[in-house]
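Asks: how does the following fold in three dimensions:
(2 chains)
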Amino acid sequence: MKKSDMKTSEITVNGKPRMLKESMLDMRLLDYLREVLLLTGTKNGCGTGVCGACTVLVDGAPRRSCMISLKDVAGRQITSIEGLESDDGSLHPVQQAFLDAGAVQCGFCTPGMVLTAVALLNRNPSPGREEIRRAMNANLCRCTGYQQIVDAVELAAARMAE
Amino acid sequence: MSHLPQPAFRNDGHAKVTGRARYTDDLHFINMAHAVPVYSDYVRAENLKIDPGKAMEAPGVLKVLTAEDVPGQVCFGQIEPDYPMFAEGSIRCNGDVVALIVAESRQEALDAVPLVEVTADPLPAVLDPEEALRPGSPLVRAMKDSNLMNHHRVRRGDAEAELQRCPLVLDEQFSTQWIEHAYMEPESAVCVPRHDGVMEVYGSMQHPFSTRRFVAALLGEPLSNIEVYQPPMGGGFGGKDDTAAIVCARAALAARYLRRPVKLTYTREWSIRESYKRHPYRMRYRVGLGEDGRVRAVKVSMISDGGPYLSVSPWVNWRSTAQCFGPYSVDHVHTDVLCTATNNPVTGAMRGFGAPQVNFAVEQIADIAAEKLGISPLEFRRLNMVRQDGETITGQVLNTHTVSMEQVMEAAAAEIRFEEKLPRCSRGRSDTDELYGIGLAISYRGASLGAEGMDFCSAVVNCQFDGSILLETGIHENGQGSETVMMLILAEELGVDCRRIRYTRSSTSTIPDGGTTVATRGTIMGGGAVKAAAEQIKRTIAENLCEVLNCRPEEVIFRGDRIRGPEKTMPDTAGRMNFRPTQARPAGRAGLKAVGLEKPGSEKPVQGAGESGADSLSWEEAMKQMYDRRVYPYAFGTFRAPDVSWDDATGQGDSYFTYVYSCQAVELTVSRSTGTVRLRKIVAAHDIGRAINRTMVLGQMYGGIAQGIGMALTEELKLSDGRILQPDLNHYRIPRASEVPEISGIIIENPDPQSPTGAKGIGEPAMELIASAIANAVYNATGIRYRTLPINIDPEELG
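Replies: Next comes the predicted model:
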């Protein structure tokens, strides 16, 4: 073992602590999630930080995992789409609302959209439609025209307020 | 909460919101190798030489494949086999792939790319579609004696003579841009050699059967050797045929050589560089008008850039021909639609398929004509639009379905209050920074392939002996929800709960080639086949179980998730398709409450029925009885589209067997200081025959409109000497959430008698006309006509 591999850092992914070898720290968070942990719900749409398909939550804030290397997130809490369900398999209200409002078509942008929406509702539990659109500007969708995504976030906000 | 929508059922919805849906690049196989493409810097070059020598010795590299390694056909195509899957001897565009590097890891493959030595003699490239036709222009395709790819015509009456007689003649020119599909998922393929010699192909592609043809061609193997599966796909919009199929074929070649699974996943840059685009058009329209406001003659010429390979350019151009003057009846029409070969990127299918370009011209001409005539845009359209039993410009009499062009236009115009708001438009004058405009556009769109291709499809319904049901069709899930739609159609036909049905994970080996899922044909063709299969299976069940139900076979009713004998309380239409009456329902944001899963099986089963053994049977009971009788409750249904016709010389014929009628209207403001267009509201009305799933219909409308907004305002693929500048989504700007306004969707339902389900389709009609409505609204705001896409307003011009 190389000496550098002995130094380790830790991150938490979906509630589970993970050890990172020194040699891994330059890896993109996106590749770590997809290729090492096989958490393939995080998608690679552009690789240049513009489409938002690779969005994950870092300490609750939406971040583009294609633009982050592991060393940037050492010690932090990462939530990918796989971490959103409850242990009993029940969906997060945002996930359920995406289903109910018809906000899913091809589904490739959906994990990133859902996480951006979760972060928005954590920040502001009752956003207006314009505010939802502004938050969702971080994520591109080519199928839905966004309207049913906005409907879904509005619906989730209403349900979470109940 | 009172406004909770009913669940918008999708069979893939849960997997997609949880991230469990496995797209192609998410698949991992043991011992899988990784491939990457190698491009050259050339745009047009001869004497191409590829030396993989050093790359072969790079760490981890297993194989460098070039055209020399192809056992089958290097070139293939949907119409002509002219698209090289590996460049061979020459380069004809900057997206040509010269080699494929296969390595143990993707990184090792990427690292070896610069080690492949590519040399060639560069030649001047052909970059302008009109210059390509001039004598002396170099030939893009060595085997052809001309750069002309196709020439379609309409010759109806005597347009030139009639134009001379018209008191008012418009002469207008328009052009459209290069457009990228920008599906969120770049191309990907995983090919797995199977123990029995079959090559399994998993790919991000729209058309498994088309992909199978490309793979079989490259490998030189029979179709039965190739088994194509379609994992969930991250968008296609017409763009994942030829190129995506070729990505699969290259991965299959590597897997054959290595006898290992091989993955080939594209970066966004490669995807934009290599994939085919929407054709840019240049159009000239001369339109002769009578004093009565009627269009008397139209003379049209258009030329589109075909790139170096044919792909489906002749079909795209044919739709532009058949629909060259929008939804208007004209007696004298003379149309020439040309496509020429250039060394620009390949052009091919994209949602709208030759109609959005034409509509951009025609619907602005309608407004220009109305203004010259001093009548309202609506009045001009009413005077000229196709009518029931009227004739199209191709001589087709529209007498087999409800021609609802006026109904659709009036519904959209009323919803947005067009006539009330039109006089308020700024026309370049405003006391504030904002200029206000409203505009609309109408279209009719031939549904399904029309005279461009073979149009038939099949479905398999396989009832299990426990009462559960398996369904499969030759139509494919492109993200639009086609599997769900097929399930809903079957549930309605059989009167069962949708949860009883599973959609089979099909492959090209399990169902006959049902044609490509394109041309707004999925619901109409696949649904037709599902209905045919359902009718067969109901007949089989009724014939076998009628004696249990103490009735004749024709009296057996499939309803309420049960199979019943005749009952006085049951309406006699039960179990058959009930068309809802023609209706127009606004269903925008407020309409959410009206959408959702509608199925006849949602009523409660009659309590106690069936327990006597005579009144009705549950599906569980019924299928057990079928089993006891040794009869398979299995049906193979097919649907063949009604015949269409086309005469190449005159451009006359019954182009399509039915049409979707559409109107979209928009309100917007333009900033005088910045020229920025802000869309305020959009209304869309479409007569789609019948909505199988209203939520999904609205989703298609919203999504199509967003793509149209991109075409109108933000999207333009910039080329320089045949090379795509900045092939990324940072510079190619598709609309974001704040750039799409609230849309009010109106679903109009005049069931089509020639469609077994009454449904037509919505995928493409939704996309093809908002750009022209926006152009009209921008004119009404600024007083300036923008004849080039995307609309780019220079604030200096606004004064």
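
Asks: please count neighbours and contacts with C-alpha atoms only from this point.
Replies: Noted.

Asks: where does the residue nearest in space to the middle of chain A land in three-state SS?
Replies: By CA atoms, centre = their mean, the mean C-alpha position of chain A lies nearest to residue A:56, the distance being 2.7 Å. Assigned with DSSP: H, G, I helix; E, B strand; the rest coil, residue A:56 falls in the strand class.

Asks: which residues touch the closest residue to chain A within the stretch 1-150 of chain B?
Replies: Nearest residue of the stretch 1-150 of chain B to chain A (CA to the nearest CA) works out as residue B:19 at 3.9 Å. When contacts are counted by CA atoms under 8 Å, 6 or more residues apart in numbering or on different chains, residue B:19 touches A:40, A:41, A:42, A:81, A:82, A:111.

Asks: if you set the cut-off to 6 Å instead, what comes out?
Replies: Taking CA atoms under 6 Å, 6 or more residues apart in numbering or on different chains as the definition of contact, the neighbours of residue B:19 are A:41, A:81, A:111.

Asks: nearest to chain B, of the residues you listed?
Replies: residue A:41 (3.9 Å).

Asks: close enough to count as contact, residue A:20 and residue A:8?
Replies: Yes: applying CA atoms under 6 Å as the test, residue A:20 and residue A:8 come out as touching, 5.3 Å apart.

Asks: now do the domain split for chain A, please.
Replies: For chain A, the domain assignment from automatic domain parsing gives the residue ranges A:3-82, A:93-161.

Asks: report whether the longest one contacts chain B.
Replies: Yes: contact check for domain A:3-82 against chain B, using CA under 6 Å from any CA of the partner chain: residues in range are A:40, A:41, A:45, A:46, A:81.

Asks: buried sites along the worst-scoring helix or strand of chain A on mean pLDDT?
Replies: Here the helix or strand of chain A ranked lowest by mean pLDDT, DSSP states H and E is strand A:8-13, holding a mean of 92. Neighbour-count burial for strand A:8-13, counted by 16 or more other CA atoms under 10 Å in any protein chain shown, picks out A:9, A:10, A:11, A:12, A:13.

Asks: alpha carbons of it, as PDB, please.
Replies: What follows is strand A:8-13 as a C-alpha-only set of coordinates in PDB (Å, rounded to 0.1, in the frame of the first residue of the first chain):
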ATOM      1  CA  THR A   8      -8.200   8.600   4.900                       C
ATOM      2  CA  SER A   9     -11.000  11.000   5.000                       C
ATOM      3  CA  GLU A  10     -14.700  10.400   5.700                       C
ATOM      4  CA  ILE A  11     -17.900  11.400   4.100                       C
ATOM      5  CA  THR A  12     -21.400  10.400   4.800                       C
ATOM      6  CA  VAL A  13     -23.600   9.200   2.000                       C
END
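
Asks: residues of the very next helix or strand once past that strand that come out buried?
Replies: Towards the C-terminus, the helix or strand next in line after strand A:8-13, according to DSSP states H and E, is strand A:16-21. By neighbour count on 16+ other CA under 10 Å, the buried set for strand A:16-21 is A:18, A:20.

Asks: can you name the residues in contact with the following helix or strand past strand A:16-21?
Replies: Note on strand A:16-21: by DSSP H and E, the next helix or strand toward the C-terminus is helix A:29-31. Around helix A:29-31, the neighbours that count as contacts under CA under 6 Å, 6+ apart are A:65, A:66, A:68, A:69, A:70.

Asks: contact partners for the first one?
Replies: Read it as residue A:65. Counted by CA under 6 Å, 6+ apart, residue A:65 has contacts A:29, A:30, A:54, A:55.

Asks: distance of it from residue B:289?
Replies: 59 Å (CA to CA, to the nearest Å).

Asks: next one: the second one
Replies: In this structure, residue A:66 and residue B:289 are separated by 57 Å, where distance is defined by CA to CA.

Asks: can you tell me, leaving aside adjacent residues, what's nearest to residue B:702?
Replies: If you skip the residues right next to it in sequence, residue B:702 has residue A:145 as its closest partner in space, 4.7 Å away by CA to CA, 6 or more residues apart in numbering or on different chains.

Asks: actually, residue B:521.
Replies: In this structure, residue B:521 finds its nearest non-sequential neighbour in residue B:448, 4.3 Å apart by CA to CA, 6+ apart.

Asks: surely that neighbour and residue B:524 touch.
Replies: No: counting by CA under 6 Å, residue B:448 sits too far from residue B:524 to count as a contact (7.7 Å).

Asks: could you look up the SS state of residue B:400?
Replies: For residue B:400, the secondary-structure state derived from three-state DSSP is coil.

Asks: that one: neighbouring residues, count only.
Replies: Applying other CA atoms under 10 Å in any protein chain shown, we find 13 other residues in the vicinity of residue B:400.

Asks: got it, and residue B:326?
Replies: Other residues within reach of residue B:326, judged by other CA under 10 Å, total 25.

Asks: how near is it to chain A?
Replies: Using CA to the nearest CA, to the nearest Å, one obtains 25 Å as the distance from residue B:326 to chain A.

Asks: ok, now how distant is that residue from residue B:334?
Replies: To residue B:334, residue B:326 is 14 Å away according to CA to CA.
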